[in-house]
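*Asks:* Sharing a model prediction with you, sequence too.
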Amino acid sequence: MLFEPIFRNQGVCQCRKIGKGWKTARSKRSIRAFSGSLTAEELKSLRRILELGAGEEILQEQFTEGFCNRVFKVTCQKKTVVVKRYSGISKLRCSFSSCVQTHENLGKLGISPALIAAEQDLIVTEFINGRVLQTADMTNTSIRRDLAHITSDLHALDMGHGNPSTITLHKLNATTRSAPLIWLWLDEMLAQIQKSDFQTRLPEGISLQDLSQAVKHAESCLQHINLHICFCHGDLKPSNIIMRNEKKTCKLNLIDVDLAGPNYRGFDTMKLFRTSSTLFYDEHLIHFLQEYQKETAIASRTSLEDLYLEALICEALSWLEACLFFALLVCTTDADVKQNTVLLKERWLCYTQTKWRLNYIPRILQV
């Protein structure tokens, strides 16, 4: 039988205020001490967005020092919000205006925190009373069931245009709007690395040619199979999910939805369980996919075995995407070059250990 666990090696947007008022709440999101803060110009924009006077105090704490963006908890006038500052690296894969549109639409649908306002690379959203999931949470049956529910809701969204609840797609026109975004991301990152004067920073055995050949190989392996494409998160990992401390029908919300758009379904489902090889168990992914299948109308069209196999294929693809991302950081930024090089090597090793799936699993799915 096929369904046996496979061995694992391991643009500027005008200022907008959304809705009738501010949704305020407290959050227990993991806060770490960082020296970073919003710049004077960013604080000026934030005062305008929040309609604050020049003398009104703004308290800020930095949530995370991400690879792309900075995220802050901001409190003023008894209002607590989340402020994200977008970087140039982020906008290589999605424009700021499309990020704003995605946040607004997913917030209205209750899938992500509500959008409050946006201006000049700053996005302000509601502050959720809850906690960010950890890798170990993926072993919790109840959490996996709730996650299957919200993931199926996301994947069921229309990818077209015109409907008020429809999401505006990133960098896609009417003729290509159902193309998986992963290929656009890979091509764009390769192009930026090629333009860089610092390709010599890439470690031995991971040259631009190696990366380019890996992308071409992945494309050739997947071009003849019909992997399901739907509206995906794009970076669906435990740390991008918040569990609310409120008694609601759905206890989870998705955050960091900047890369949301059409993509391979397996790209989302596998990333949830890809984070740690030491905590990963095939049965947890399988249980999630069983619950996911129950939540959708795919049961009669897609077998559980196929859902599992497409997730395994997309693990290799997700590691390749991570390789390109850290290679881009190594070649285009001066900060943390040593650390990013180590992360690039780790992701490349994961890719080389899983790329066999690109060769062999498509043959199984074609049978």
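*Replies:* Received, thanks. Everything quoted here is computed from the prediction, not taken from an experiment.
*Asks:* all contacts plus neighbour counts: C-alpha atoms, from now on.
*Replies:* Fine.
*Asks:* tell me the helices in this structure, going along the chain?
*Replies:* Along the chain, counting by DSSP state H, helices occupy 40-50, 96-108, 141-155, 181-195, 208-222, 265-274, 282-295, 304-332, 337-354, 356-366.
*Asks:* list the contacts for the residue most central in space within the chain?
*Replies:* The chain has Asp235 as the residue nearest its centroid, 2.1 Å off, counting by CA atoms, centre = their mean. Counting by CA atoms under 8 Å, 6 or more residues apart in numbering, Asp235 makes contact with 256-257, 259-260, 268, 271.
*Asks:* try Leu236
*Replies:* Leu236 makes contact with 268-269, 271-272 under the criterion CA under 8 Å, 6+ apart.
*Asks:* Nearest residue to it in space, please, no chain neighbours.
*Replies:* Leaving out its chain neighbours, the residue that sits closest to Leu236 by CA to CA, 6 or more residues apart in numbering is Asp268, at 5.4 Å.
*Asks:* tell me, how many neighbours does that neighbour end up with?
*Replies:* 23 (other CA atoms under 10 Å).
*Asks:* Touching, it and His233? I think so.
*Replies:* Yes. Checked against CA atoms under 8 Å, the pair Asp268 and His233 is within contact range at 6.6 Å.
*Asks:* related to what we said a few turns ago, output the helices of the chain in JSON lines, with mean pLDDT and distance to Ile242 appended to each entry.
*Replies:* Below are the helices of the chain laid out as JSON lines (pLDDT from 0 to 100; distance: least, CA to CA, whole Å):
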{"stretch": "helix 40-50", "mean pLDDT": "84", "distance to Ile242": "24"}
{"stretch": "helix 96-108", "mean pLDDT": "91", "distance to Ile242": "14"}
{"stretch": "helix 141-155", "mean pLDDT": "93", "distance to Ile242": "10"}
{"stretch": "helix 181-195", "mean pLDDT": "94", "distance to Ile242": "24"}
{"stretch": "helix 208-222", "mean pLDDT": "96", "distance to Ile242": "32"}
{"stretch": "helix 265-274", "mean pLDDT": "91", "distance to Ile242": "13"}
{"stretch": "helix 282-295", "mean pLDDT": "90", "distance to Ile242": "17"}
{"stretch": "helix 304-332", "mean pLDDT": "94", "distance to Ile242": "22"}
{"stretch": "helix 337-354", "mean pLDDT": "95", "distance to Ile242": "25"}
{"stretch": "helix 356-366", "mean pLDDT": "85", "distance to Ile242": "31"}
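*Asks:* okay, these in TSV with distance to Val74 next?
*Replies:* Formatted as TSV, the helices of the chain follow (distance: least, CA to CA, whole Å):
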stretch	distance to Val74
helix 40-50	10
helix 96-108	18
helix 141-155	27
helix 181-195	31
helix 208-222	40
helix 265-274	29
helix 282-295	35
helix 304-332	28
helix 337-354	29
helix 356-366	44
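*Asks:* among these, which is nearest Val83?
*Replies:* Shortest distance between Val83 and the helices of the chain, using CA to CA, is found for helix 40-50: 8.7 Å.
*Asks:* Against His217, how distant is Trp185?
*Replies:* Per CA to CA, to the nearest Å, Trp185 is found 16 Å from His217.
*Asks:* quick one: contacts for Ile229?
*Replies:* Here Ile229 is in contact with 178-180, 262-265 (criterion: CA under 8 Å, 6+ apart).
*Asks:* Let's see if you can find the most crowded of these.
*Replies:* Most surrounded of the contacts of Ile229: other CA under 10 Å gives Pro262, at 27 neighbours.
*Asks:* Just confirm that one contacts Asp158, I think it does.
*Replies:* No. Pro262 is beyond contact range of Asp158, at 9.7 Å (criterion: CA under 8 Å).
*Asks:* any common contacting residues for these two?
*Replies:* Phe231.
*Asks:* and Ile364, how many neighbours?
*Replies:* A count of neighbours around Ile364, defined by other CA under 10 Å, yields 10.
*Asks:* do the same with His224
*Replies:* By the criterion of other CA under 10 Å, His224 has 11 neighbours.
*Asks:* Good, we can wrap up now.
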